[in-house]
Structure formats: C-alpha cells, structure tokens
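A.B. asks: what's the 3D shape of this:
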Amino acid sequence: MKKYLLTPGPVEIPEEVRLASQRPLIGHRTSNFSDLFISIQTKLSQLLEVDSPSIILPSSGTGALECLAVNFLSKNDTFISASCGIFGDRFRTIAEKTGAKGIYIDFELGTHIQPEIVRDTVINHPECKVLLLTQNETSTGVINPIKEIIEAIPSSIRPIILVDGVSSIGTMESYPQKWGIDGIATASQKGLMCPPGLGILWISNKGWNYTNERECPSYYFDLKLHRKEFKENNYANPYTPPVTLYFALEKALDIILSNSKETWFKSHRTYSKALAAGVEELGFKLLTSHVKYRSPGVTAIKSDKFEMNLIKDNLSKLGIITAGGQGTLKDKLIRIAHYDDKSWPELSMILSCLYAATNNQIEIKSNFLAKPLEIFMEG
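C.D. replies: Coordinates of the predicted model:
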C-alpha cells in the first residue's frame, strides 16, 4: 500500500528531487561543485530576495539554529525570546546553552506573537543584544507576523534579530533583507522539499559586522570560516558537504521558482484554507482560531469528541502518516503537513480518509467536500 508522508518534516519529496539526489558524486573541491554551489546561491537569493549569499551547513535545522546562537551570543549576554510553542521554546533553550541570559515572552498555544508586546519588552530592556523569533510554529500550525514585529520596534533600539525559518522558508513569504532580519535559519527537509541534512542561513550586513567582532567557540559552526570560502566565481565549504543533497536542493528550488514564488506561496495558502474548511465540515476544530495566522505549511486539528491518537492510528492504517501534538498538546492534536505540491486529488483523499478514520461515527453531509472544492477552485 502506498503511504503518504504528511508529517511536518521530513516531507514527501518530488520525484524530480529524488532523482536529482541520485546523480553521480562530484568532488567538493572542483569547479563543477563550485558552479553547483553558485547556482544554488542564485536561486536562494531569488527566493529570499537578498543580494548576498547564504551559508549552507551539513546539519539539521536545529544545527542551523545553534549556529546562529553560538555566533551571536556569549556568556552573560542578554537576549529576548518570544515564543508561542515548542519550537520557539527550543530556540531559547539552544540560546541558553551559550551561557546567555534570557528574558521570555510566552503566548498561549494556538495564538501568535503580538508585535506590541515584543516592542514594549525591547524598550524596557535596553541591555538586550538579541531577539529570537520563530516565523512558523510547527507545533501549533501558527505563523507569526515577523515583518510587523520588526516594524513595531523603533529602528534606533532594535537588537540583532534572529529568526527560526526552519519550517517557513519555501512555503511562505520570508524576506529577511527587506524586513530587517539579521540572521535567519532554515533546513532542507520542510518547505524546501529535500531529504534532511542541510541547514541554511542568511546573515545581514549588520549581522556580519556583529559576528566579525566576536570569537565563535565552535569550529564547525563558525560563520566566518564559511564566508572565507566565498570567493569570486569560486564557492566552497570549509569541510566536506553532502554533495547529493546539493543536487536535490538545486532541483527543488527550480520547482519552487518555476512559475513564480508568489504563485507557489499562494497555492499553499489555498490548499491550507481548503483543508481547514474540510476538517471543519467533518466536525473537527482548528487549534488556531485566527484564520490570518494559520500556517500554509502545517494544519493542527483537534476534537472534543474523538481520541486524536486513535484517529492518527487509523489514518496510518489507511496510508496517511501524520504527526501528533507535542508537549502539553500531546495526544490532543493531529498535525497534517502540506509542504510539497499537492493538489485536489490528494486533498479530497486526505479528507475522505479522515472521515473513514472516525469509523463512520460522525454524521456528514453527502457534499462535505463541496466547500473545500469551492475554495480550491477559486484559488
């Protein structure tokens, strides 16, 4: 039986990406690899709308976040962390490992980070050097208004702004240079639709100036070592990269940029809205009540009637592999990811399987797919 991997990372990868990853290896100190690296950089710059290269690490998204932490924070530094879920909390835990001291702003699970509260906290703590934010909170299916948060903070007092974009980049607008982000981290296995193994970072001019004055305690994650390898017409890594994943990443970026990234992002928003409408037609609820802040990459659903772990297990038996809740939401949620290029056939199948997973214990209209289809057709 074919299984559909709908967990929020790793995700199903397009066949073209899988085939690209099977190309014969090339040496990572060759001109062929440099050309590949430069091609990827050009496409990442188009996706992020930036005019400087990104750092690519052999790591998971967590490794990319740790890279930000060890380059921007030291013992006894002060940082502010705004969090509305497990992954916002994880970013602050990584930052704590540097010996820095955190000031924490917590928002209720299922809600978004509020710009005014972050602004007031920054104003009240001028000693803060770094602000940590998460764009897409995978544990709750919430997107945070990063642009609005940064705009709310007066430019004269803005700290270094570091963003977890691990589950946002590739699926939604994320424009660090335009928005005033100083460091953003992502990974290959979510919105970029590749196998796990690559961490990707972009650093602003302000961010580079800041790190140049600091000593990084890590060799592997020292951003300055990576930047030294970016020479005119010759890009490399300071150590051996997973070359096959670079082939995959180049192909995935081609897919995202093939029409326009705006079209790609819109298709994910449409799919998310149609899925939300469908699960509500089936009597389930969305964890995030505010439509504007529902993630286009992952949908978190709950129910007052059904045991969600049982629904999740039944879905698995039908070939639909989803994720459960985390932390205090354990056993209370099903998280359905939609990072790759799915369309109406997959959406109608998922909703039909969700109905079947209840063992027909819900009364539904014969046309329960009508509303999601209408949203899907309207785009």
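A.B. asks: in what helix or strand does Ile149 lie?
C.D. replies: Using DSSP states H and E, the element containing Ile149 is helix 146-152.
A.B. asks: What residues sit buried inside that helix?
C.D. replies: Buried residues in helix 146-152, counting neighbours by 16 or more other C-beta atoms under 10 Å, are found at Ile146, Lys147, Ile149, Ile150, Ala152. Every C-beta, even on glycine, is put in place using the N, C-alpha and C of the backbone.
A.B. asks: Throw the residues you listed into TSV and include pLDDT and distance to Tyr4, thanks.
C.D. replies: Output for those, formatted as TSV (pLDDT from 0 to 100; distance: C-beta to C-beta, whole Å):
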residue	pLDDT	distance to Tyr4
Ile146	98	30
Lys147	98	33
Ile149	98	35
Ile150	98	37
Ala152	98	40
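A.B. asks: so where do the strands sit in the stretch 101-250 of the chain?
C.D. replies: 101-106, 130-134, 136-137, 142-143, 160-164, 183-187, 198-203, 230-231, 234-235 (DSSP state E, counting those that start in this stretch).
A.B. asks: So which of those is nearest Lys371?
C.D. replies: strand 142-143 (22.6 Å; C-beta to C-beta).
A.B. asks: Which elements pack onto that closest one?
C.D. replies: Where contact means 3 or more C-beta pairs under 8 Å, 6 or more residues apart in numbering; DSSP states H and E, strand 142-143 is packed against strand 136-137.
A.B. asks: Might you calculate how far the strand it packs on sits from the centre of the chain?
C.D. replies: 7 Å (C-alpha atoms, centre = their mean, to the nearest Å).
A.B. asks: ok, residues contacting it?
C.D. replies: Applying C-beta atoms under 8 Å, 6 or more residues apart in numbering, the external contacts of strand 136-137 come out as 84-88, 142-144, 165-168, 171-172, 295, 297-298.
A.B. asks: Dump the strands of the stretch 101-250 of the chain into a markdown table; add distance to Pro176, mean neighbour count and mean pLDDT as well.
C.D. replies: Formatted as a markdown table, the strands of the stretch 101-250 of the chain follow (distance: least, C-beta to C-beta, whole Å; neighbours: other C-beta atoms under 10 Å; pLDDT from 0 to 100):
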| stretch | distance to Pro176 | mean neighbour count | mean pLDDT |
| --- | --- | --- | --- |
| strand 101-106 | 21 | 16 | 98 |
| strand 130-134 | 11 | 26 | 98 |
| strand 136-137 | 14 | 30 | 98 |
| strand 142-143 | 15 | 26 | 98 |
| strand 160-164 | 7 | 26 | 98 |
| strand 183-187 | 5 | 29 | 98 |
| strand 198-203 | 5 | 26 | 98 |
| strand 230-231 | 18 | 12 | 92 |
| strand 234-235 | 20 | 16 | 93 |
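A.B. asks: do you know which of the ones you listed lies nearest Arg29?
C.D. replies: strand 234-235 (10.2 Å).
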